[in-house]
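Visitor: when you get a sec, could you give me coordinates for this:
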Amino acid sequence: MAEQQVQTDWDKIKRKFGYITPEALEFVRQGLSHTVQTIHGDVAPDDDSRNVSGQQLCLGLRDFAIKQYGLLARTVLGRWGINRTDDFGRIVFAMIDLGLMRKTDDDSMEDFRGVYDFEEAFARLDGSVN
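Guide: Residues are numbered from 1 along each chain as shown. From the prediction side, this is the model:
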């Protein structure tokens, strides 16, 4: 199967969605697959039942970051400009704009607002209670 190559106009993305790194985009793409697999199991890529809510995706991305980066998860995400769940929403909607993801009529940026506090969500990894 040939891998789909997408030409990305980073200037357009920046104007429309703010600064997004290629690493952040790839992390969310892989994290979406992880989240869909966790929630729905094995389903075909074009199966409409693969949809996850913004809240589910934020929680799945947190778990995926911890799985990938352990105690450094928050630091790695921060280097990519991801410091709150709203940032996941910006990236998701940029990916939708690029044709890399689909959304339903019910999906919106509001689904990503304040799902959890990054400091609290990632502080629990080392037991700190800052």
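
Visitor: any idea which helix is longest in the protein?
Guide: Counting residues, the longest helix found in the chain (DSSP state H) is helix 22-40.

Visitor: strands of this structure, residue ranges please.
Guide: For the chain, strands defined by DSSP state E do not occur.

Visitor: residue contacts, the residue nearest the centre of the chain?
Guide: Central residue of the chain (C-alpha atoms, centre = their mean): Val28, 3.4 Å from the mean position. Contact analysis of Val28 by C-beta atoms under 8 Å, 6 or more residues apart in numbering lists Leu61, Phe88, Ile91, Val92, Met95. Where you see a C-beta, it was placed from the backbone N, CA and C, and this is true even at glycine.

Visitor: need the pLDDT of the first one.
Guide: With respect to pLDDT, Leu61 scores 98.

Visitor: from the chain's centre, how far out does the lowest-mean-pLDDT helix or strand in the chain sit?
Guide: Within the chain, confidence by mean pLDDT, DSSP states H and E is lowest for helix 10-17 among all helices and strands, at a mean of 81. Its chain's average C-alpha position is 17 Å from that of helix 10-17, according to C-alpha atoms, centre = their mean, to the nearest Å.

Visitor: between helix 22-40 and it, find me the angle.
Guide: When axes from the mean of the first three to the mean of the last three C-alpha atoms, to 10 degrees is applied, the directions of helix 10-17 and helix 22-40 differ by 60 degrees.

Visitor: neighbouring contacts of helix 10-17?
Guide: Helix 10-17 is contacted by residues Ile20, Pro22, Arg90, Ile91, Phe93, Ala94, Asp97, Leu98 when judged by C-beta under 8 Å, 6+ apart.
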